[in-house]
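predicted coordinates and the sequence they were generated for:
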Amino acid sequence: MASATQSEGGSLSAAQRSKIRRLSQPREPDPGEESGELNIVPYLDIIMNVLVFVLASVSVTFLTQLDTSPPAISGKTKSAENKEALNLTVLITDEGVAFKTSFGAIATGCKGTGRGMTIPTTTGKKEYDLAAVKACARQLKSQAGDGRFEEETQVTVTASRDIEYKYLVAILDAIRSDEQGQLFPEFHLGVSK
């Protein structure tokens with residue numbers, strides 16, 4: 001009984017002292033509880049996911065380049081300065097191909113000046129008559145009879161915004177040359193409004 005009273009009165013057993021020592025010692029903090037250290041792994045996961053999404057959604061655009069030169073400011077062509085110039089302009093639309101010169105718009109069928117589409121497309125289809133385009137370009141180049149437009153080689157070509165690229169190239173090839181020789185090999189691309 002004396003030992004029970006002593007342990008209650010002030011003296012501790014060895015097991016009690018060991019437990020008190022163990023509980024009063026400073027302990028090491030858990031890895032997530034460390035102060036002053038920032039866990040950036042979740043942030044890097046978010047950044048990587050956004051980066052992969054951006055790289056996957058980037059579209060690749062292929063460009064085609066045509067070498068052209070802008071028309072001269074004075075409107076002069078390769079023909080002599082003292083001669084009149086034809087100043088041929090070709091407009092490509094869904095309805096057909098229209099020719100315009102410094103003398104006015106060329107009428108349907110390439111017969112003189114007047115209103116209408118010079119070379120209309122085939123009815124119901126968007127097909128251009130390339131042979132008629134060549135023939136009209138040849139007729140315009142040699143219309144003066146005195147050869148004053150024979151040296152002229154420049155043409156301005158404008159296409160509507162909805163014209164496919166293959167039709168533009170086909171018309172450019174048609175007005176470039178024919179069986180008799182060069183027609184208008186130097187072209188300038190105009191901007192449609």
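On my side now, so go ahead. Residues are numbered from 1 along each chain as shown.

ok, now how distant is the spatially closest residue to A135 that is not a sequence neighbour from R27?
Excluding its sequence neighbours, the residue lying closest to A135 (CB to CB, 6 or more residues apart in numbering) is C110, at 7.1 Å. (C-beta placed from N, C-alpha, C; glycine too.) In this structure, C110 and R27 are 100 Å apart, going by CB to CB, to the nearest Å.

of these two, which one has the most company?
C110 (18 against 7; other CB atoms under 10 Å).

would you check how far apart that one and S24 are?
For C110 relative to S24 (CB to CB), the value is 109 Å.

same deal with G109?
Between G109 and S24 the computed distance is 111 Å (CB to CB).

those two: who's more crowded?
Each of G109 and S24 has its neighbours counted (other CB under 10 Å); G109 has more, 14 against 7.

ok, the nearest residue to that one once chain neighbours are set aside - contacts?
Nearest residue to G109, sequence neighbours excluded (CB to CB, 6+ apart): T118, at 7.6 Å. T118 makes contact with 96-99, 105-110, 136 under the criterion CB atoms under 8 Å, 6 or more residues apart in numbering.

please list only the buried members of those residues.
By neighbour count, with 16 or more other CB atoms under 10 Å, the contacts of T118 hold 96-99, 105-106, 110, 136 as buried.

tell me which stretches of this structure form helices.
Here the chain has its helices, by DSSP state H, at 2-9, 14-24, 41-57, 130-141, 165-176.

and the ones you listed as JSON lines, adding mean pLDDT and distance to E84?
JSON lines is the format used below for the helices of the chain (pLDDT from 0 to 100; distance: least, CB to CB, whole Å):
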{"stretch": "helix 2-9", "mean pLDDT": "50", "distance to E84": "130"}
{"stretch": "helix 14-24", "mean pLDDT": "89", "distance to E84": "111"}
{"stretch": "helix 41-57", "mean pLDDT": "91", "distance to E84": "57"}
{"stretch": "helix 130-141", "mean pLDDT": "85", "distance to E84": "13"}
{"stretch": "helix 165-176", "mean pLDDT": "86", "distance to E84": "20"}
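
winner for burial among those?
helix 130-141 (a mean of 19; mean count of other CB atoms under 10 Å).

G181 pairs with what?
D178 (DSSP bridges).

how about stretch 186-193 as PDB, C-alpha atoms only?
Written as PDB, here are the backbone C-alpha positions of stretch 186-193 (Å, rounded to 0.1, in the frame of the first residue of the first chain):
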ATOM      1  CA  GLU A 186       2.300  38.900-117.500                       C
ATOM      2  CA  PHE A 187      -0.700  39.100-115.200                       C
ATOM      3  CA  HIS A 188      -1.500  41.200-112.200                       C
ATOM      4  CA  LEU A 189      -4.000  39.900-109.600                       C
ATOM      5  CA  GLY A 190      -6.700  42.500-108.700                       C
ATOM      6  CA  VAL A 191      -8.700  42.500-105.500                       C
ATOM      7  CA  SER A 192     -12.400  42.000-105.700                       C
ATOM      8  CA  LYS A 193     -14.600  44.300-103.600                       C
END
